[in-house]
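Provide a 3D model corresponding to the input given below.
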Amino acid sequence: ASRRSRRRRVGPHVCFSGFGSGCCPGWMLSPGSGQCTLPLCSFGCGSGLCIAPNLCSCPDGEQGITCPEPPGTCGEYGCDLSCNHGGCQEVARVCPLGFSMVETANGVRCTDIDECLRAACEGLCVNTEGGFVCECGPGMQLSADRHSCQGTRGPGDWAGSKWGPAGAADPQPLAPPDTDECLATPCQHRCKNSIGSYRCSCRPGYHLHGNRHSCV
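Numbering: from 1, shown residues only. Here you go, the predicted structure:
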């Protein structure tokens, strides 16, 4: 009975393999006609069309086993799966170091993380693509830890009011007194003073503008 049922299958691309739909490899049943006329593209065609087994017709006129996704369709770093006619291809969703993944209407995008929001810079923190750098104000220089600032005094320029531990032969160098730059109200919302510099931040619901002073 099973063999007679398979032989009643008519149309192109029919194979009597003894299992499944009876369609030849690379073909599957069309929901409308019930015949083996729907090609299968195992790697997916993305925005193209599967026209034959593992053969895609792409929007740019090219043909191949798959079609490249146009920029922006699935976001900068692609979707979870790119599917076409039952064949799915997994696409990585990994952002580079210093970037976070954000879901948008157009898919997934990687946006730069403002590390200055949590960075422990003693001076001014400057956000960069994928990282941050600390800078110090006039008369100060960045320490070896790349976060704290220390004074730069010329040789022999000593401040006698500060001495080292008991028994030290010479007075210790003293950095110039810090000026509270926040007194001049340089920030639109919040200002945090630091040695030789300051840093602006915004209230919840706002983010810092590229000029590092205004909130939008």
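
tell me the secondary structure for the closest residue to C200 other than its chain neighbours?
Nearest residue to C200, sequence neighbours excluded (C-beta to C-beta, 6 or more residues apart in numbering): C187, at 3.5 Å. Backbone N, C-alpha and C define where each C-beta goes, glycine included. The local conformation at C187, judged by DSSP: H, G, I helix; E, B strand; the rest coil, is coil.

E135 versus C187, what's the distance?
According to C-beta to C-beta, to the nearest Å, C187 and E135 sit 17 Å apart.

Name the residue in the two with the higher neighbour count.
C187 (20 against 15; other C-beta atoms under 10 Å).

Need the pLDDT of that one.
Reported pLDDT at C187 in the predicted model: 88.

for it, phi and psi?
For C187, the backbone dihedrals (degrees, to the nearest 10) come out as phi -110, psi 150.

shaky segments in this protein?
Using pLDDT under 70 as the threshold, the predicted model of the chain has low-confidence ranges 1-10, 16-20, 70-94, 105-108, 152-178.

ok, now with 80
1-11, 16-21, 32, 68-110, 118-120, 129-130, 139, 151-180, 185, 195-196 (pLDDT under 80).

show me where it has helices.
Applying DSSP state H to the chain gives helices spanning 2-7.

hang on, the earlier thing: quick check, the residue nearest to C200 in contact with N211.
No - because the distance of 10.6 Å does not satisfy C-beta atoms under 8 Å, C187 is recorded as not touching N211.

Identify the residues contacting D60.
Residues near D60 by C-beta atoms under 8 Å, 6 or more residues apart in numbering: none.

I51 versus that one, what's the distance?
Summarising the geometry, the distance separating D60 from I51, computed by C-beta to C-beta, is 15 Å.

And for N127?
Using C-beta to C-beta, which is the criterion applied here, N127 is 48 Å from I51.
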